[in-house]
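*Asks:* need a 3D model of the sequence below.
(chains A and B)
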There are 2 protein chains.
Amino acid sequence: LDPRWESLPPRIRARFPDTPRGRASAYEEFCFRVLDIVASQVAVVKPQSAFFEACGPTGLEALQNIMKRARHLGLMTILDAKRGDIASTATAYAEMAFHAFEADALTVNPYLGRDSIDPFLEISRKLGRGLFILVRTSNKGGREFQGLDVGGQPLYRRVGEAVEAWTREHLGEERFGDLGAVVGATCPAELAELRKLLPSTFFLVPGYGAQGGTAVDTAHAYRADGLGAVVNSSRGILFPAGADPERWEEAVERVTKTATAELAAAAQPRH
Amino acid sequence: LDPRWESLPPRIRARFPDTPRGRASAYEEFCFRVLDIVASQVAVVKPQSAFFEACGPTGLEALQNIMKRARHLGLMTILDAKRGDIASTATAYAEMAFHAFEADALTVNPYLGRDSIDPFLEISRKLGRGLFILVRTSNKGGREFQGLDVGGQPLYRRVGEAVEAWTREHLGEERFGDLGAVVGATCPAELAELRKLLPSTFFLVPGYGAQGGTAVDTAHAYRADGLGAVVNSSRGILFPAGADPERWEEAVERVTKTATAELAAAAQPRH
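*Replies:* Predicted structure coming up:
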């Protein structure tokens, strides 16, 4: 759920002024409709905090309402906010995600190290929620620092192995832990490599669709048993290319069906 | 400005219910009073976004009011939000910081690489604002990834040198650019090393005071001309140890004077 004012269906945009409050209301209405359409076809939604924050306080109200609606529809929620800070500041971010927004999981940046993850874990483990740590992001420039060689392996692999060690502290069903890794579909070779190295780490896979990753690329994200990843599609679902703006809801429904079908085919167990 | 509910002066806490809205109102009142006390003694304030976000939408209203009040008092503002994301999502975070909150500068996480910094720069350069990139953070575990050896130097140095190259694209007064670096006072040797390597990069220095960094440690943050750093004190100013809770405003005023005096002494030019 990455609502962008410029990309909203004109019928929705026309009903709200182009002000922070107007945008927030339009985002809420748009996301509510999308949730109603996709709820029967997907398991998880991932609201992107930035677009709501850009609207100021009323944006967060819209985000709270959208998170609530998603839960009400039986969907799990990943709050994509890529937070990262230390000590009581990290605790405050965890309170934001898990109390103020009641997210099932939050995306977190690893640059500050394990002691910056602990305050998040303290709250997420108490509440039975999860974290997804950025490991290898889907942008072209992601390689700049993540790909640096550290002792014979790229930094993202070192971070990934740390995440695997941390998640094994708290294994649950199917031998998955409660810390996942963000690994882009735009780098399928790295996805395959990390899948082998991190068997207990659930993956959150951005980059499928508009960013260029294909369903076949996402196949590398799963273990041989066909489990282990949630694949994200944002623009591809929300703003289908070439759709008739007057019939955007039908287009969202259609592309969601196509995407889930091709992703499911790619996710078949290999034994 | 890191307001913590548990640490607020009891007189303020007693007047608000312990709810998200009550906490937000208490934070606003507390920070307003602190701003009035310190405005004549400091140049910059750095509100910590996390504590306001933990209160949900009303927390952001309080943060907006505090940022506005700070500007009105003639203070520069650094919004400490440590954001980092790609493409239009990064643009949305920049809109949050520079439009919704009108910050003079924003702290940003470098893990996603330069192309994740560009959308922030596009807006900050248009508006004449700045960014502080996390280079070497003040927490004990900051070394875990930031200290990894990449080609004979630690990762934080590699990131720092990238920031220096980026900031030189847009030099202003005193040969400083508009991208700064966050470097903790808790690692004075690294502070001295980075100061030498990054002559055009302004430093934001956390870790002085409650986290253990001394005024003498912060001396390494300045160039020989005595310029180049803004030193942050959070808990040390807001919640002075051993202060009479009934006379907390006097304590804040006293410790601010002591801190600015000892920091100024440490910042003397060396030629």
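*Asks:* which SS class is the nearest residue to A:Arg270 once chain neighbours are set aside?
*Replies:* Leaving aside its chain neighbours, A:Arg270 sits nearest to A:Ala224 (4.7 Å; criterion: CB to CB, 6 or more residues apart in numbering or on different chains). Any C-beta I mention is one placed from the backbone N, CA and C, and that applies to glycine too. Classification of A:Ala224 by DSSP: H, G, I helix; E, B strand; the rest coil places it in coil.
*Asks:* contacting residues for A:Ala224?
*Replies:* By CB atoms under 8 Å, 6 or more residues apart in numbering or on different chains, the residues touching A:Ala224 are A:269-271.
*Asks:* state the distance from it to chain B.
*Replies:* According to CB to the nearest CB, to the nearest Å, A:Ala224 and chain B sit 30 Å apart.
*Asks:* quick one: which of the contacts of A:Ala224 is nearest to chain B?
*Replies:* Set against chain B, the nearest of the contacts of A:Ala224 by CB to the nearest CB is A:Arg270 (31.2 Å).
*Asks:* which residue is the nearest non-sequential neighbour of A:Ala269?
*Replies:* Actually, residue A:269 is Pro. It isn't Ala. A:Gly226 (3.5 Å).
*Asks:* ignore what I typed, I meant A:Ala105.
*Replies:* Using CB to CB, 6+ apart, the closest residue to A:Ala105 is A:Gly130 (4.0 Å).
*Asks:* equivalent analysis for A:Ala181, please.
*Replies:* A:Val135 (4.2 Å).
*Asks:* and the stretch 101-250 of chain A, which of its residues are near chain B?
*Replies:* Within the stretch 101-250 of chain A, the positions near chain B by CB under 8 Å from any CB of the partner chain are A:101, A:109-116, A:134, A:137-146, A:148-151, A:155, A:158-159, A:162.
*Asks:* which of the residues you listed are buried?
*Replies:* A:101, A:109-116, A:134, A:137-139, A:141-146, A:148, A:150, A:155, A:158-159, A:162 (16 or more other CB atoms under 10 Å in any protein chain shown).
*Asks:* ok, now how distant is the residue nearest to A:Arg270 from A:Leu171?
*Replies:* A:Ala224 sits 18 Å away from A:Leu171, going by CB to CB, to the nearest Å.
*Asks:* and if you look at A:Val182?
*Replies:* 20 Å.
*Asks:* before we move on, the earlier item: the residue nearest to A:Ala105: what's it in contact with?
*Replies:* A:104-106, A:124, A:178-180, A:202.
*Asks:* repeat that for 7 Å
*Replies:* Counting by CB atoms under 7 Å, 6 or more residues apart in numbering or on different chains, A:Gly130 touches A:104-105, A:124, A:178-180.
*Asks:* what's the answer for A:Val42, then?
*Replies:* With CB under 7 Å, 6+ apart, A:Val42 has these contacts: A:256, A:260.
*Asks:* secondary structure class for it?
*Replies:* coil.
*Asks:* okay, the helix or strand where A:Leu35 lies in CSV with CA atoms only?
*Replies:* Element membership for A:Leu35, per DSSP states H and E: helix A:20-38. Output of helix A:20-38 as CSV, limited to C-alpha atoms (Å, rounded to 0.1, in the frame of the first residue of the first chain):
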residue,chain,number,x,y,z
PRO,A,20,-2.1,17.2,3.6
ARG,A,21,-5.5,16.5,5.1
GLY,A,22,-7.1,16.0,1.7
ARG,A,23,-4.4,13.6,0.6
ALA,A,24,-4.6,11.6,3.8
SER,A,25,-8.4,11.2,3.3
ALA,A,26,-7.9,10.2,-0.3
TYR,A,27,-5.2,7.7,0.7
GLU,A,28,-7.6,6.2,3.3
GLU,A,29,-10.5,5.9,0.8
PHE,A,30,-8.2,4.4,-1.9
CYS,A,31,-6.5,1.9,0.4
PHE,A,32,-9.9,0.9,2.0
ARG,A,33,-11.2,0.0,-1.5
VAL,A,34,-8.0,-1.8,-2.4
LEU,A,35,-8.1,-3.8,0.8
ASP,A,36,-11.7,-4.9,0.1
ILE,A,37,-10.7,-6.0,-3.4
VAL,A,38,-7.5,-8.0,-2.5
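*Asks:* reformat the contacts of A:Ala224 as a markdown table; add neighbour count.
*Replies:* Shown next, in a markdown table, are those (neighbours: other CB atoms under 10 Å in any protein chain shown):
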| residue | neighbour count |
| --- | --- |
| A:Pro269 | 10 |
| A:Arg270 | 9 |
| A:His271 | 5 |
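*Asks:* closest one of those to B:Arg13?
*Replies:* Among the contacts of A:Ala224, A:Pro269 lies closest to B:Arg13 (CB to CB), at 55.6 Å.
*Asks:* ok but the closest one is inside a strand, no?
*Replies:* No: going by three-state DSSP, the assignment for A:Pro269 is coil, not a strand.
*Asks:* so what's the residue positioned nearest the centre of chain A closest to, chain neighbours aside?
*Replies:* By CA atoms, centre = their mean, the mean C-alpha position of chain A lies nearest to A:Lys46, the distance being 4.7 Å. Distance criterion CB to CB, 6+ apart; nearest residue to A:Lys46, sequence neighbours excluded, is A:Ile78 at 4.2 Å.
*Asks:* swap in A:Gln48?
*Replies:* Per CB to CB, 6+ apart, closest to A:Gln48 is A:Asp2, 4.3 Å.
*Asks:* count of neighbours near the one you found?
*Replies:* A:Asp2 has 22 neighbouring residues, counting by other CB atoms under 10 Å in any protein chain shown.
*Asks:* that one should be in a strand, yeah?
*Replies:* No: assigned with three-state DSSP, A:Asp2 falls outside any strand and is coil.
*Asks:* that one contacts A:Ser49, doesn't it?
*Replies:* No: A:Asp2 lies out of contact with A:Ser49 (CB atoms under 7 Å); the separation is 10.1 Å.
*Asks:* per-residue confidence for the residue nearest to A:Gln48?
*Replies:* Note for A:Asp2: predicted pLDDT of 98.
*Asks:* secondary structure element for A:Ile133?
*Replies:* Counting by DSSP H and E, A:Ile133 is part of strand A:130-136.
*Asks:* for that strand, C-alpha coordinates in CSV please.
*Replies:* The C-alpha atoms that make up strand A:130-136 are tabulated as CSV, following Å, rounded to 0.1, in the frame of the first residue of the first chain:
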residue,chain,number,x,y,z
GLY,A,130,8.0,-10.0,14.0
LEU,A,131,10.7,-7.9,12.4
PHE,A,132,12.1,-7.9,8.8
ILE,A,133,15.7,-6.6,8.7
LEU,A,134,17.0,-5.0,5.6
VAL,A,135,19.6,-7.3,4.1
ARG,A,136,19.8,-6.7,0.3
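*Asks:* helix or strand next in line after that strand, which one?
*Replies:* helix A:143-146.
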